[in-house]
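> show me the folded form of this:
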Amino acid sequence: MTRPLVSELLIEEPDFHEVIVAFVEKLPALIQELQAMHEQQDWNTMKDRIHDLKGLGGGYGYPQVSEVANTIESGLLGQQHDRIAELLGRIQLGLETQAN
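Down below sits the predicted model:
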């Protein structure tokens, strides 16, 4: 996910601008939380938060966030933790690209 994050919902429903902006503003802190959970190997809490992110991403018009969250969730369920940091980095990179 190296392209900027763009909400499909915002394109379709401009009235949701403030709600979408609030979601995007909270994403960096959530990514940091998830990275900390990864470092602490807190897989159960991380699985719950990733599941939430998967739903939120789709709900706010960010299917690319949901796709990455789904991949992370699958890795957590299969106890394949090696790619999680890379996948979280993809979301972070999408946020940084959006900011530039």
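> hey, let's count contacts and neighbours off CA atoms from now on
Noted.
> what's the host helix or strand of residue 51 in contact with?
Using DSSP states H and E, residue 51 falls within helix 43-59. Where contact means C-alpha atoms under 8 Å, 6 or more residues apart in numbering, the residues beyond helix 43-59 that reach it are 34, 37-38, 63-70, 72-73, 76-77.
> ok, and the closest non-adjacent residue to the residue minimising distance to the centre of the chain?
Nearest to the mean C-alpha position of the chain, counting by C-alpha atoms, centre = their mean, stands residue 65 at 4.6 Å. Closest residue in space to residue 65, ignoring its immediate chain neighbours: residue 57 at 5.3 Å, by C-alpha to C-alpha, 6 or more residues apart in numbering.
> gap between the one you found and residue 68?
For residue 57, the distance to residue 68 (C-alpha to C-alpha, to the nearest Å) stands at 10 Å.
> so where's the chain shaky on pLDDT?
Within the chain, the ranges that satisfy pLDDT under 70 run 1-4, 94-100.
> mind listing what's buried along the helix ranked longest in the chain?
Counting by DSSP state H, the longest helix found in the chain is helix 17-39. Neighbour-count burial for helix 17-39, counted by 16 or more other C-alpha atoms under 10 Å, picks out 20, 24, 27, 31, 34-35, 37-38.
> how about TSV for the residues you listed, with distance to residue 48 added?
Below are the buried residues of helix 17-39 laid out as TSV (distance: C-alpha to C-alpha, whole Å):
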residue	distance to residue 48
20	22
24	19
27	16
31	14
34	10
35	14
37	11
38	13
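> related to what we said a few turns ago, and the next helix-or-strand element following the helix holding residue 51, what other elements does it pack with?
Proceeding N to C from helix 43-59, the next assigned helix or strand is helix 63-77, under DSSP H and E. If you count contacts as 3 or more C-alpha pairs under 8 Å, 6 or more residues apart in numbering; DSSP states H and E, helix 63-77 packs onto helix 43-59, helix 84-99.
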